[in-house]
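**Q** structural data only, the sequence is not supplied:
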């Protein structure tokens, strides 16, 4: 009898604990089933008006219709995207705070700066939207009309050519150029600019001979006689410039693109993640939505949580390699 009395309190405690945990699980399940019952916040790490902001707003508008609740875009700028990333990381994993992420904040910034977030461990991938290649273009006075001709021309110059480094050493355009130079066994000198637009202006004006710019900027200038488009940085040709070859047609396996997609804080219920992913997929089945993406320089690739997670995991070491090749100073 003494033996039974000794264990009875422990058994009651375990039984109560199990019941409590069960209730928590049921509460979480019910919360996910009722979601969303109020507006959802989508944090964009960059200023309004840029390409990432525009695509985030396109997605927010479509999901607002699909979910029956407003998806409100909030531009949380600062720290090269770090402030928004850390804000989402610290948010409750309840589906009401989401992140509109890009290559920059997921793969480049964590490799060059001290950050408190882990791009893989601290977020739950929902869906990729697509990718945006950059375009290698030259001033029209450069005689090259193809990538091989440009490489031959550049190697024949008595001094390294200058190129527009986009938004600086750690920018996507500068890193894409670094990968290209590495594959072409070519040396050129980077000139830093405050973004790709002023670099493009200087190529048009003949101040520098070559640069990489996002495809949306290149398409806008595609009929300008002062420039010549040579190639796109994606692994295949872009639907926006179907007659322009990809660099991979000269250097097999070359692919360097910026991508965007939606994430949630780690621990967000799978039911919520799956519903958001389904909403993204539904938008992707609409030809008008796809046309809007292409008009904004996005090659659509709407992939769900598993494929998006695999993309992020693969892209992080790829961009780390680009950072190493480019010799970008990494914050210690």
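**A** Received the coordinates, thanks. Everything quoted here is computed from the prediction, not taken from an experiment.
**Q** and the gap between the closest residue to residue 88 other than its chain neighbours and residue 73?
**A** Closest residue to residue 88 apart from its sequence neighbours, by Cβ to Cβ, 6 or more residues apart in numbering: residue 99 at 4.2 Å. Bear in mind the C-beta positions are built from the backbone N, C-alpha and C, glycine included. Applying Cβ to Cβ, to the nearest Å, the value for residue 99 to residue 73 is 11 Å.
**Q** shouldn't the residue nearest to residue 88 be within a strand?
**A** Yes: the assignment for residue 99, made by DSSP: H, G, I helix; E, B strand; the rest coil, places it in a strand.
**Q** after the longest strand seen in the chain, next one along is what?
**A** The single longest strand within the chain, with elements called by DSSP state E, is strand 123-139. Using DSSP states H and E, the helix or strand that follows strand 123-139 towards the C-terminus is helix 147-155.
**Q** closest to the centroid, which residue in this protein?
**A** Per Cα atoms, centre = their mean, the C-alpha nearest to the average position across the chain is that of residue 102, at 2.2 Å.
**Q** quick check: that residue touching residue 53?
**A** No: between residue 102 and residue 53 there is no contact under Cβ atoms under 8 Å: 10.4 Å.
**Q** spit out the residues that contact those two alike.
**A** Here residue 102 and residue 53 share the contacting residues residue 46, scored by Cβ atoms under 8 Å, 6 or more residues apart in numbering.
**Q** show me what contacts residue 262?
**A** 42, 59, 98, 99, 100, 101, 126, 127, 129, 276, 280.
**Q** leaving out sequence neighbours, find the closest residue to it.
**A** residue 126 (4.3 Å).
**Q** how about residues contacting stretch 55-75?
**A** Identification of contacts with stretch 55-75 by Cβ under 8 Å, 6+ apart yields 36-44, 46-48, 53, 98, 100, 129, 260, 262, 275-276, 279-280, 282-283, 286, 289, 292-293, 296, 298.
**Q** what of stretch 115-127?
**A** Contact with stretch 115-127 is made by 82, 85-86, 88-89, 93, 98-99, 101, 105-107, 109-110, 261-268, 273, 276-277, 280-281, 302-305, 308-309, 312-313, 316, as judged by Cβ under 8 Å, 6+ apart.
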